[in-house]
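K.L.:
This is a predicted model, with the sequence first.
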Amino acid sequence: MCRKKINFLNILLIGFTSLQVCALDVIEGQSGEIISIPAPQKLSADQLTFKTPSGVKQLVSLPFVKQDLLITRHHIDIKVNWVNFGESRITITDTSKVTLNDSDQARANREALEIKEALKSSTTEITPSFNFIPPVPGRVTSPFGKQRFINDMPRSAHLALDLSGAIGTQIISPLKGKVVLVGDYFYTGLTVILDHGYGLFSSYAHMSEIQAKFGDLLEQSDPIGKVGSTGRVTGPHLHWTVYFDGNKVNPESLIQKDYLNSIL
């Protein structure tokens, strides 16, 4: 939860008089989470707001950080608090998936641009409720934010949620969304990305089968595909990524009960 704190500063002035000045601390939030801030009076058409008893609020995402960081998101100064997510060490025996040759690296680079393009613009025809349900019933096997080591070499942090599941386990849409990308990629294998509206996207990777088609409008609980082990993996599971407001955010938070009300 974010909060505002007020400090009162006594400033000594010439003539030994004092003036009490009120200074507002910045709003705070945790690395990789979504928080709410007071909405400005003038908003663009692609900004989502919610009416609350304390006024109109706007949701913003906070980036993953490796140390406490003061940033400006939209019109507000925010302190992003570092979180110790721990580390994860995995071994991949096929070293060609770890140290890429020129051809595979070129492919991975092309695919990264394709994914980036799919996330470039978001529909305003869908208004997300943020009432997510889990896409598979499996347990969390690798949480969001862990520092990854592959074959003892440090790699990027794991900014997604890995959920267990046998090959063929049904994956469902956790929220209403439109299919904006379907593909078979070097790292993520069979992959689908959904646009839930207003800058909220979710990605489903390593599938064994894709059941949704590009352009489909999926309702919550509609089938997306089935758990698999395609791409660069150590075993079958669902790699679930959620993007909001330009950042990857923690999917595990989103499936908590009454999530939206907890951040407004």
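P.N.:
Arrived safely, thanks for sending.
K.L.:
quick one: contacts for the closest residue to Leu69 other than its chain neighbours?
P.N.:
With sequence-adjacent residues excluded and distances taken as Cβ to Cβ, 6 or more residues apart in numbering, Leu69 is closest to Val80, at 4.8 Å. For glycine as for every other residue, the C-beta is placed from the backbone atoms N, C-alpha and C. Val80 makes contact with Glu28, Gly29, Gln30, Ser31, Leu62, Pro63, Val65, Asp68, Leu69, Leu70, Ile71, according to Cβ atoms under 8 Å, 6 or more residues apart in numbering.
K.L.:
Please report how far the second one lies from Leu59.
P.N.:
To Leu59, Gly29 is 11 Å away according to Cβ to Cβ, to the nearest Å.
K.L.:
Common neighbours of those two, please.
P.N.:
With Cβ under 8 Å, 6+ apart applied, the overlap between the contact sets of Gly29 and Leu59 consists of Ile35.
K.L.:
did I read that right, Ala106 in a helix?
P.N.:
Yes - following the definition DSSP: H, G, I helix; E, B strand; the rest coil, Ala106 is counted among the residues of a helix.
K.L.:
Could you count how many residues lie near it?
P.N.:
Ala106 is surrounded by 12 other residues when neighbours are defined as other Cβ atoms under 10 Å.
K.L.:
Then Gly197?
P.N.:
Neighbourhood size, Gly197 [other Cβ under 10 Å]: 21.
K.L.:
which residues touch it?
P.N.:
Taking Cβ under 8 Å, 6+ apart, we find Gly197 in contact with Leu48, Ser122, Thr123, Thr124, Glu125, Ile126, Thr127, Pro128, Gly177.
K.L.:
and the gap between the residue nearest to it when sequence neighbours are not counted and His196?
P.N.:
The shortest distance from Gly197 to any non-neighbouring residue, by Cβ to Cβ, 6+ apart, is to Ile126 (3.4 Å). When distance is defined by Cβ to Cβ, Ile126 is 6 Å away from His196.
K.L.:
And Phe50, which helix or strand is it part of?
P.N.:
Assessed by DSSP states H and E, Phe50 sits inside strand 49-52.
K.L.:
And that strand, what's buried?
P.N.:
Going by neighbour count (16 or more other Cβ atoms under 10 Å), the buried part of strand 49-52 is Phe50.
K.L.:
Pull it out as CSV, backbone CA atoms only.
P.N.:
Output in CSV follows, covering the C-alpha atoms of strand 49-52 (Å, rounded to 0.1, in the frame of the first residue of the first chain):
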residue,chain,number,x,y,z
THR,A,49,-9.5,6.2,-13.2
PHE,A,50,-11.6,5.0,-10.3
LYS,A,51,-13.9,7.0,-8.0
THR,A,52,-13.2,6.4,-4.3
